[in-house]
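In: sequence first, predicted model second:
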Amino acid sequence: MTREDYRLFLTSWIRHRLPYLLAYPALALFIYGLSYLFELDRPLISYGLLLLSLVWLLALGWDLLADVSRFGKYWRGQQAASGSPAERYLQEKVQQLEAQNKLLQEQQLQAKTELDDYYTLWAHQMKIPIAASQLLAKEIDQPDIRYQLENQLFKIEQYTGLVLNFLRLQSFHDDLVIERVDLEELVKNLVKKYSLFFIQARTKLDLGDLSRVLKTDKRWLGLLIEQVLSNALKYCENGTISIFLDGHDLVIRDTGLGIAESDLRRIFERGFSGFNGRRTQQSSGLGLYLSKKIAAELGYSLTLKSKLGQGTEVRIGIKETELALD
């Protein structure tokens, strides 16, 4: 406790004891006035009032010390007498702190909402120039330049979508639509979407058995698989990416760079890009974090195994959970 706490406590004590502090002096003045009015023995009355004053001061001092003691106990989390100035002071202070905390939370929420709204608007507005640039790129006669430009525009579009989906994840259940999803069709569509990157990286694709129908949200599951596939493509040049079912697990395995052992325990942290990300400058630090969050929201597990120089294996546990069809 600080001096300021004791000062505020004393102020609170005086405020709550004010009737008692004023009552006796008023009574003493009234009695002294009567002694003048009726010509009573004033020395005797003065002596009696002096003794009463001493008793009154001792009683106030005792009450103050008792409340100081209760205040200290209450501050340390021990029991204090109900309704005492110490308890009332601390209750008032708690109420003040709660009001300040509530105001601070409201301000932080408002600032976060404004920031989220800004980035959501930005992501939506970026779609127009990206789409226009993609159309203009098709007009370029030189195939190599057109191919490279389309490739970069695709990456810009994906990173913009990543920001938008990151914001949408804050209100995941408001945007959830449960339906029957053909896993094989979903994966093949995603592979087709990234076909240019398979060609560019000279990466082979090995699709195994994917015959499974799931009750889930198609868009969020697609985004989850897409993030893992996109990561595999970044670090698997001249290698092979295998996608198959193993029991209740959807496995995406690559023969790429792999991940350093020191990075594995932090790989799902937001903003963590690891050694490979810093070396290639291709990591946003959001992809795997977003994947882990989506998997958790969908009721799936997401695990990753990797060895540096030997590739990476990601398993998405897609065992049916208790989800109701819309």
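Out: Alright, I've got the coordinates.

In: show me how this protein divides into domains.
Out: According to automatic domain parsing, the chain comprises the domains 3-81, 97-175, 179-317.

In: what's the most buried one of these?
Out: domain 179-317 (a mean of 17; mean count of other C-beta atoms under 10 Å). Where C-beta positions appear, they are placed from N, C-alpha and C, glycine not excepted.

In: can you pull out the helices in the stretch 151-300 of the chain?
Out: Assigned by DSSP state H, counting those that start in this stretch, the helices in the stretch 151-300 of the chain fall at 183-193, 195-200, 218-234, 261-264, 274-280, 287-298.

In: and the fourth one, what other elements does it pack with?
Out: Where contact means 3 or more C-beta pairs under 8 Å, 6 or more residues apart in numbering; DSSP states H and E, helix 261-264 is packed against helix 274-280, strand 301-307.

In: least reliable of the helices of the stretch 151-300 of the chain going by mean pLDDT?
Out: With a mean of 55, helix 274-280 has the lowest mean pLDDT of those.

In: turn the helices of the stretch 151-300 of the chain into CSV, columns for distance to Leu250.
Out: Converted to CSV, these look like this (distance: least, C-beta to C-beta, whole Å):
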stretch, distance to Leu250
helix 183-193, 7
helix 195-200, 19
helix 218-234, 7
helix 261-264, 20
helix 274-280, 23
helix 287-298, 11
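
In: contact partners for Leu21?
Out: Applying C-beta atoms under 8 Å, 6 or more residues apart in numbering to Leu21 gives the contacts Ile14, Leu60.

In: tell me where the model's unsure across this structure.
Out: Within the chain, the stretches with pLDDT under 70 are 1-2, 4-6, 8-9, 13, 36, 38-42, 70-91, 273-285, 320-326.

In: from what I see, Leu162 and Ser291 are in contact.
Out: No - using C-beta atoms under 8 Å, Leu162 is not in contact with Ser291; the gap is 10.8 Å.

In: is it fair to say Leu44 lies in a strand?
Out: No - applying DSSP: H, G, I helix; E, B strand; the rest coil, one finds Leu44 to be helix, outside a strand.

In: for it, give its distance to Leu37.
Out: Per C-beta to C-beta, to the nearest Å, Leu44 is found 16 Å from Leu37.

In: for Met21, helix, strand, or coil?
Out: Actually, residue 21 is Leu rather than Met. helix.

In: check the gap between it and Arg15 for me.
Out: Distance of Leu21 to Arg15, computed by C-beta to C-beta: 10 Å.

In: next one: Asp63
Out: From Asp63 over to Arg15 the distance is 14 Å, taken as C-beta to C-beta.

In: rewinding a little: to Ala26, which of the helices of the stretch 151-300 of the chain lies closest?
Out: Between Ala26 and the helices of the stretch 151-300 of the chain, the shortest gap by C-beta to C-beta is with helix 287-298, which sits at 68.9 Å.

In: so which elements touch that closest one?
Out: Counting contacts by 3+ C-beta pairs under 8 Å, 6+ apart, helix 287-298 packs against helix 143-168, helix 218-234, strand 301-307.

In: and the angle for the lengthiest helix in the chain with helix 143-168?
Out: Longest helix of the chain, by residue count under DSSP state H: helix 85-137. With axes from the mean of the first three to the mean of the last three C-alpha atoms, to 10 degrees applied, the angle from helix 85-137 to helix 143-168 works out at 160 degrees.

In: and helix 85-137, what does it pack onto?
Out: Under the contact definition 3+ C-beta pairs under 8 Å, 6+ apart, helix 85-137 sits against helix 3-37, helix 42-75, helix 143-168.
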